[in-house]
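Trainee: generate coordinates for the sequence data below:
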Amino acid sequence: PTLGKERIQSLDILRGIAILGILIMNIQSFAMPSSAYLNPASFGNLDGINYWVWVISHVFADQKFMTIFSILFGAGVILVTQKAEQREGKSIGLHYKRTFWLLVIGLVHAHIIWHGDILVAYALCALLVYLFRRLNPRKLLIIGLITLSIHTALYLFIGMSLQFLPPEALAEMRNDFWAPGIDALYEEVMAVTGSLSEQIAHTSESAWGMETTVFAILMFWRAGGLMLVGMAFYKWGILTADRSPSFYKKGILLGFLLGLPLSIWGVIKNFDAGWSLEYSMFIGSQFNYFGSLGISFAYICAIMPFSKSDRFKIIKSRFAAIGQMALTNYIAQSIIGVFIFYGIGFGLFTQFERIEQVALIIGIWLIQLGWSKSWLDTFKFGPLEWIWRSLTYVELQPMKKVVDQDKDSEKKEV
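Mentor: Below is the predicted model of the structure:
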């Protein structure tokens, strides 16, 4: 394991902040019908403070932290394979074993706990992006951006083709996932808050849709492209806080100048269109799709100098601990969310308005900020990181940190 001073603190801090940020959007999927994530007008109160909670979360969080997480995953592929090649001269076996077991963990998460899993998509993309790891950063960036754009081409084609569909086909699409009627909403609520078997059946069915249709038209291109971008950023030293202060200042300015207007304009255009399936589902989604790239880059450029500074050491250590236990904390958020909102726990699905969800987000953040560092003060890995590593090496890994006996005896003498 990479421990102590060997770890790259900027990567851990950035990953920790990304994990916390992902919850801002995922909480909506835990608490509300699936259509409300894509179409805020499809369910619940969107007036007053609830409107502003949605707008702020959409502009500043939707796809932004998942973008950072995907970029970091690509950087992680480079980091792990480089170390393996330095140590053993090859990395292919380690990479594909790690990826296989991540896929298994993701499938369990997606089909039994929560359908909104991202790990399956990451594992499937990692099977391919590994092959690009030796390219220079410029080529990685270009290929990554082209890959990202393929999703846009698909969505624009589908969006422009909707006008040729029969009205009954459009009505079926609208009722299935965009703006479901009372009967469809009732069916989803009953499945989510029903028995354990009903919840798992609903979760698994939804996960299958994510792993097939959504993966084919969105996640493969989005996650795969961003992983390639992450590889480029890592090789350029952007993610390791090795660039100059002026680079990061310019990056913050450029990222926000490019990203914010696009995301905000998308909000305006979609509300003007009344969040119609014909416009907002496909064409209208592209404003934030590309706006998120600029805003995410601005976030990265703001966090890098923060990670390198000598200030705020306590909070940075907390963020870094969350990042070091990213897998555990990501799935822990799902378990907490499912327990609060699904029938297996309190069954509060559809009972929390958007402003009330904010309180839950803060509560979960505080839990993870508290427990992650406390755990890593004693153990080398998070629980799921330990399982993942043990499966990869087909051997139980040492879990508890060993105190240096010489240092310990010195402390006693003092």
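
Trainee: contacts and neighbour counts: CA atoms only from here.
Mentor: OK.

Trainee: return the list of helices and strands in contact with the helix or strand G106 falls within.
Mentor: If you go by DSSP states H and E, G106 is part of helix 92-108. With contacts defined as 3 or more CA pairs under 8 Å, 6 or more residues apart in numbering; DSSP states H and E, helix 92-108 has these neighbours: helix 64-88, helix 119-129, helix 383-393.

Trainee: what residues of it count as buried?
Mentor: Using 16 or more other CA atoms under 10 Å as the test for burial, helix 92-108 gives 94-103, 105-108.

Trainee: and for stretch 35-49?
Mentor: Quick answer for stretch 35-49 (16+ other CA under 10 Å): 35-44, 46.

Trainee: now, which of these sits nearest S309?
Mentor: Y37 (36.7 Å; CA to CA).

Trainee: can you pull the contacts of that closest one?
Mentor: 25, 28-29 (CA atoms under 8 Å, 6 or more residues apart in numbering).

Trainee: can I get these in TSV including neighbour count and secondary structure?
Mentor: Shown next, in TSV, are the contacts of Y37 (neighbours: other CA atoms under 10 Å; DSSP: H, G, I helix; E, B strand; the rest coil):
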residue	neighbour count	secondary structure
M25	20	helix
Q28	23	helix
S29	21	helix
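
Trainee: just put the residues you listed in JSON lines and tack on pLDDT and distance to I13.
Mentor: Formatted as JSON lines, those follow (pLDDT from 0 to 100; distance: CA to CA, whole Å):
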{"residue": "M25", "pLDDT": "96", "distance to I13": "20"}
{"residue": "Q28", "pLDDT": "95", "distance to I13": "25"}
{"residue": "S29", "pLDDT": "94", "distance to I13": "25"}
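
Trainee: of all the residues you listed, which comes closest to L369?
Mentor: L369 has its nearest neighbour among the contacts of Y37 in M25, at 18.5 Å by CA to CA.

Trainee: from A179, how far off is the residue nearest to F177 when sequence neighbours are not counted?
Mentor: Leaving aside its chain neighbours, F177 sits nearest to S35 (5.4 Å; criterion: CA to CA, 6 or more residues apart in numbering). Using CA to CA, to the nearest Å, S35 is found at 6 Å from A179.

Trainee: what's the longest helix along the chain packed up against?
Mentor: Longest helix in the chain by number of residues, with DSSP state H as the criterion: helix 245-272. Packed against helix 245-272 by the contact rule (3+ CA pairs under 8 Å, 6+ apart) you find helix 48-60, helix 286-308.

Trainee: tell me the most buried of those helices?
Mentor: Each of these was scored by mean neighbour count; the highest is helix 286-308, a mean of 23, by mean count of other CA atoms under 10 Å.

Trainee: quick one: contacts for the closest residue to S292 other than its chain neighbours?
Mentor: Spatial nearest neighbour of S292, excluding adjacent residues (CA to CA, 6+ apart): K64 at 5.1 Å. Neighbouring residues of K64 by CA under 8 Å, 6+ apart: 292-293, 295-296.

Trainee: could you check how far K64 is from I19?
Mentor: 11 Å.

Trainee: excluding its backbone neighbours, what's nearest L170?
Mentor: L162 (7.6 Å).

Trainee: run a quick neighbour tally on that neighbour.
Mentor: By other CA atoms under 10 Å, the residues close to L162 number 16.

Trainee: 46 is where my numbering starts, stick with that
Mentor: Done: numbering now begins at 46, and the last item shifts to L207.

Trainee: three-state assignment of it?
Mentor: Secondary structure of L207, reduced to three states by DSSP: H, G, I helix; E, B strand; the rest coil: helix.
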